[in-house]
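**Q** What follows is a predicted structure for the sequence shown.
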Amino acid sequence: MTSNEIGPIIVIVLFIIGLIIFSVRASRISYVKSNSILIGELRSLNSEFTFIKIREYTKYYFAHDTKRKFDRDSPYDFMNRHVYENLNSYKDLTNKISINLSMYNNYLDSYDNLRDFNGQVPDNSKLKEKVFIKYEEMLYRSMKFNSPTTNFFVEYYITYTSPKGQNHYKDCAEYPMNIIEQNIYEIEVDIKKKKTRQYRIKAERSIMTDSKRYEIMKRDNFKCKICGSSANDGVKLHVDHIYPVSRGGKSTNDNLQTLCDRCNMGKSDKI
């Protein structure tokens, strides 16, 4: 028999041996799956956990219409705006991450506790104890759930393209969940602050610029709306909130009037 004839025979023999080994291995795995107490308990445990599918990476783009706006912006500023505008969606995402993390920690604890069933070879096993335990351990490791998504990253892109398309500018940055969570916290603190009475009053009073005061006085012919006095009568004119800011009044034109200092003092915070 020549070497050319031996080669193919060796290949065929090796293939048959490999097929037998694969068949034996598959048979043993199937047997252990069906008869192992540990694997049965793990299968039952796995059926109790369903993790939330979450995209780990997301990208957002914002295109500016002028180069000046692009230069004055940054990916971090864009991130702040996007989180603010989509606050509930971001909070829902971080909540799902927290649920996944909590569930997986519980799963790992239960998974480790199943070790009590390890090595309990059934009576009259077809496999030797060492072989049974070997395949049981292999299956136990392979059937363990991988960690679900417990973090996410978002890339924020700001862009600008010149009107004729000759120049294109891009800036981007990636932020992980902990940075975005901090941003969510700061936004919520700011929202709560803006809901306070003191902040609202301060915000309304800040609208009362010199230009605004002049606009109201001019509309009222520079005369007190109560007594009709003007600066020529020796009074000082004020712009008053008809419905006081302290009671929820706004700094809108229809809620503003010109009063002299005496009438304004007398009115105080009355409506």
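**A** On my side now, so go ahead.

**Q** Whichever strand or helix holds residue 80 packs against which elements?
**A** Using DSSP states H and E, residue 80 sits in helix 75-85. Counting contacts by 3 or more C-beta pairs under 8 Å, 6 or more residues apart in numbering; DSSP states H and E, helix 75-85 packs against strand 57-64, strand 153-161, strand 168-176, helix 177-195. (Each C-beta comes from the backbone N, C-alpha and C, glycine too.)

**Q** Export those to JSON lines and append columns for distance to residue 214 and mean pLDDT.
**A** Listed next are the helices and strands packed on helix 75-85 as JSON lines, based on distance: least, C-beta to C-beta, whole Å; pLDDT from 0 to 100:
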{"stretch": "strand 57-64", "distance to residue 214": "35", "mean pLDDT": "96"}
{"stretch": "strand 153-161", "distance to residue 214": "39", "mean pLDDT": "96"}
{"stretch": "strand 168-176", "distance to residue 214": "42", "mean pLDDT": "96"}
{"stretch": "helix 177-195", "distance to residue 214": "28", "mean pLDDT": "91"}
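
**Q** Pipe these into TSV and attach distance to residue 146 and mean neighbour count per row.
**A** Formatted as TSV, the helices and strands packed on helix 75-85 follow (distance: least, C-beta to C-beta, whole Å; neighbours: other C-beta atoms under 10 Å):
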stretch	distance to residue 146	mean neighbour count
strand 57-64	17	13
strand 153-161	18	18
strand 168-176	20	13
helix 177-195	19	13
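
**Q** Identify whichever of the ones you listed lies nearest to residue 105.
**A** Closest to residue 105 of those is helix 177-195 (C-beta to C-beta; 16.7 Å).

**Q** got any ranges where the stretch 51-200 of the chain has weak pLDDT?
**A** Residue ranges of the stretch 51-200 of the chain with pLDDT under 70: 119.

**Q** So which of the helices and strands packed on helix 75-85 is nearest residue 254?
**A** Using C-beta to C-beta, the helices and strands packed on helix 75-85 put helix 177-195 closest to residue 254, at 23.3 Å.

**Q** With just CA atoms, put the closest one into PDB.
**A** Extracted C-alpha coordinates of helix 177-195, given in PDB (Å, rounded to 0.1, in the frame of the first residue of the first chain):
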ATOM      1  CA  MET A 177     -24.400  55.800  32.700                       C
ATOM      2  CA  ASN A 178     -22.900  57.300  35.900                       C
ATOM      3  CA  ILE A 179     -22.300  60.700  34.200                       C
ATOM      4  CA  ILE A 180     -25.800  60.700  32.800                       C
ATOM      5  CA  GLU A 181     -27.300  59.700  36.200                       C
ATOM      6  CA  GLN A 182     -25.500  62.600  37.800                       C
ATOM      7  CA  ASN A 183     -26.900  64.800  35.100                       C
ATOM      8  CA  ILE A 184     -30.400  63.500  35.800                       C
ATOM      9  CA  TYR A 185     -30.000  64.100  39.500                       C
ATOM     10  CA  GLU A 186     -28.900  67.700  38.900                       C
ATOM     11  CA  ILE A 187     -31.800  68.400  36.500                       C
ATOM     12  CA  GLU A 188     -34.300  67.000  39.000                       C
ATOM     13  CA  VAL A 189     -32.800  69.200  41.800                       C
ATOM     14  CA  ASP A 190     -33.100  72.200  39.500                       C
ATOM     15  CA  ILE A 191     -36.700  71.400  38.600                       C
ATOM     16  CA  LYS A 192     -37.600  71.000  42.300                       C
ATOM     17  CA  LYS A 193     -35.900  74.300  43.000                       C
ATOM     18  CA  LYS A 194     -37.800  76.100  40.200                       C
ATOM     19  CA  LYS A 195     -41.100  74.800  41.700                       C
END
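
**Q** ok, back up a step: list the buried residues for whichever helix or strand comes after the helix holding residue 80?
**A** Sequence order places helix 87-113 as the next helix or strand after helix 75-85, per DSSP H and E. By neighbour count on 16 or more other C-beta atoms under 10 Å, the buried set for helix 87-113 is 90, 93, 94, 96, 97, 100, 101, 103, 104, 107, 111.

**Q** next one: stretch 117-127
**A** 117, 121, 127.
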